[in-house]
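K.L.:
missing the sequence, but the structure's below:
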């Protein structure tokens, strides 16, 4: 209720300051009903007449052709809301297209009415809107000396109101409940249902509920119990989180700007420096209030640049699983609209939605697609791109919510240098072609996944053989290549076993043939260094003056002799760098 109280207070303050018309940008009636209740009980109660306001919304009306579904007037009294008939309103015989203007003109002069609510303007049929617009303009341009009722217009999005009205209206956006409100409502419902969950699980539930209204929480809990029974609030199965996640997919799908990602467990075998930094940020976010009291600022997030297949997307999922936060994906391509102002509006809306769902991780995928070229004054559409970039950078700088950003980019070429200044992101990292140790660890992670653990005795031999072969042939893999190699190997083992006549058990067959099949699959696949050598060279040039931090631990020069794999990888990168246009 705190959000409703704040909105009602703002409405009244704006009204007594002299603004007659106010727009409530709210999608659902359940959002503004508590606001109307507070206005009625605390600000506009008329003790003499018992009437406090009028509510105009669709209802059954008797027309010239019988009953029809049309805007009807309801009187808000201290006790209840009752429908007012046309005779009582002295509006008998008024034509449908003139009905709403007549109601407003009749009651804007009535000093016994505190406020008039015009519900869901965007849902009204066009036949009512022509004369209504003229009447609204007349009313809003008239100086009533502070004696006329407050006029409240509700709409799902401000874009659905005629632009002619906007100069005369004060806009108030709906507000989602904050973490404290959701916590209170969650505890109330759990107690009501006699459910007891651990504090960590409860905190996780509250995180997932960010972005919903309080009136939706009980529905979600009830539905989870009906679907999953005792498993709904089991702390190991956590089925309630699955349901909230699926509902959030629907919530975000309406605007198609953000995408909700369910993440259970994600493993990552490299990027030790980046993982350590994430852990530090997680420690602060886990005790945010205490940290802020001691002078620590809210972590903003990180930017990761890297070649395709080097684990940037996987890291976003890993971060969500480690910090136990919801993962929301923003794809820059979805922000681009077809009309002037659409892209900027979409990005603002996406930012607003993400903040409403905090604490969360906002993964901005391929950020360069949205902002590369913003400094190019000759580029078509450069003005809108500069405005979009400026708005986004201001948001990054001033953001105070616990919406932790992980922005990923394949390249920063063409991106405005302002992105990399202090205060935008906490730190900028890069992922490189994995070194020998990392390739080995990545192969092992994939070889130890469920259904593959029986090959444990030979995984070191398998990893060694692939690394030796790759070094000898100068065919260097990304993490994605390594994952694909293991996947292809187990596919081939399964097919070969199905067609063989031997008497070996499947697990023993896999152990005996893993190394040879894996080497054969490696010989047949095209790895990233073969198909994208020039891209590797260009990437190396970008890094030279970027100031980005290596996401992985790098062996210090002279500390140990480089392995053959690493030595040949470094030489290969130098060659590609020269071929792509010489050293920067």
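P.N.:
Noted; the coordinates are in hand. The structure presented is a predicted model; accordingly, all values stated were derived computationally and were not measured.
K.L.:
now do the helices in the stretch 151-300 of the chain.
P.N.:
All helices of the stretch 151-300 of the chain, identified by DSSP state H, counting those that start in this stretch, fall at 179-192, 199-209, 214-228, 239-253, 272-286, 288-293.
K.L.:
as JSON lines, the ones you listed with distance to residue 136 and mean neighbour count would be great.
P.N.:
In short, each C-beta sits where N, CA and C put it, glycine included. As requested, these are arranged in JSON lines below (distance: least, C-beta to C-beta, whole Å; neighbours: other C-beta atoms under 10 Å):
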{"stretch": "helix 179-192", "distance to residue 136": "34", "mean neighbour count": "15"}
{"stretch": "helix 199-209", "distance to residue 136": "38", "mean neighbour count": "19"}
{"stretch": "helix 214-228", "distance to residue 136": "30", "mean neighbour count": "17"}
{"stretch": "helix 239-253", "distance to residue 136": "32", "mean neighbour count": "18"}
{"stretch": "helix 272-286", "distance to residue 136": "46", "mean neighbour count": "16"}
{"stretch": "helix 288-293", "distance to residue 136": "45", "mean neighbour count": "12"}
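K.L.:
those into CSV, with extra columns for mean pLDDT and distance to residue 466?
P.N.:
Listed next are the helices of the stretch 151-300 of the chain as CSV, based on pLDDT from 0 to 100; distance: least, C-beta to C-beta, whole Å:
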stretch, mean pLDDT, distance to residue 466
helix 179-192, 91, 48
helix 199-209, 87, 39
helix 214-228, 92, 43
helix 239-253, 83, 37
helix 272-286, 91, 22
helix 288-293, 84, 44
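K.L.:
which one of the ones you listed lies closest to residue 21?
P.N.:
Nearest of the helices of the stretch 151-300 of the chain to residue 21, taken as C-beta to C-beta: helix 214-228 at 27.0 Å.
K.L.:
what about the closest one, distance to the chain center?
P.N.:
A distance of 22 Å separates the centroid of the chain from that of helix 214-228, by C-alpha atoms, centre = their mean, to the nearest Å.
K.L.:
and residue 361, what are its bridge partners?
P.N.:
Residue 361 has these beta-bridge partners by DSSP bridges: residue 327, residue 404.
K.L.:
what's the local residue count around it?
P.N.:
Applying other C-beta atoms under 10 Å, we find 26 residues neighbouring residue 361.
K.L.:
surely it meets residue 326?
P.N.:
Yes - because the distance of 7.1 Å satisfies C-beta atoms under 8 Å, residue 361 is recorded as touching residue 326.
K.L.:
give me the common contacts of the two.
P.N.:
residue 320 (C-beta atoms under 8 Å, 6 or more residues apart in numbering).
K.L.:
buried residues in stretch 3-12?
P.N.:
3, 4, 7, 8, 11, 12 (16 or more other C-beta atoms under 10 Å).
K.L.:
in this protein, where is pLDDT below threshold?
P.N.:
1, 46-51, 62-67, 79, 337-340, 373-382, 554-562, 581-584 (pLDDT under 70).
K.L.:
and the strands in the stretch 351-500 of the chain?
P.N.:
360-365, 403-409, 427-431 (DSSP state E, counting those that start in this stretch).
K.L.:
roughly how far is stretch 265-283 from the heart of the chain?
P.N.:
On C-alpha atoms, centre = their mean, the centre of stretch 265-283 falls 21 Å from that of its chain.
K.L.:
which residues touch that stretch?
P.N.:
With C-beta under 8 Å, 6+ apart, stretch 265-283 has contacts from 299, 302, 304, 311, 314-315, 317-323, 404, 426-427, 429, 431, 434, 438, 441-442, 444-445, 479, 549-553.
K.L.:
looking at the helices of the stretch 151-300 of the chain, which is nearest to residue 101?
P.N.:
helix 214-228 (33.5 Å).
K.L.:
report all helices and strands that the strand or helix carrying residue 68 contacts.
P.N.:
Using DSSP states H and E, residue 68 sits within strand 66-77. If you count contacts as 3 or more C-beta pairs under 8 Å, 6 or more residues apart in numbering; DSSP states H and E, strand 66-77 packs onto strand 51-63, strand 81-83, helix 96-107.
K.L.:
ok, back up a step: looking at the helices of the stretch 151-300 of the chain, which is nearest to residue 453?
P.N.:
helix 272-286 (23.6 Å).
K.L.:
will you turn the helices and strands packed on strand 66-77 into CSV that also has distance to residue 232?
P.N.:
Below are the helices and strands packed on strand 66-77 laid out as CSV (distance: least, C-beta to C-beta, whole Å):
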stretch, distance to residue 232
strand 51-63, 36
strand 81-83, 36
helix 96-107, 46
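K.L.:
need the three-state assignment for residue 109.
P.N.:
coil (DSSP: H, G, I helix; E, B strand; the rest coil).
K.L.:
now it. Nearest residue, chain neighbours left out?
P.N.:
Excluding the flanking residues, the one nearest residue 109 by C-beta to C-beta, 6 or more residues apart in numbering is residue 148, at 7.2 Å.
K.L.:
and the one you found, which of the three is it?
P.N.:
coil.
K.L.:
can you say which of the helices and strands packed on strand 66-77 is nearest to residue 518?
P.N.:
Nearest of those (C-beta to C-beta): strand 51-63, 66.9 Å.
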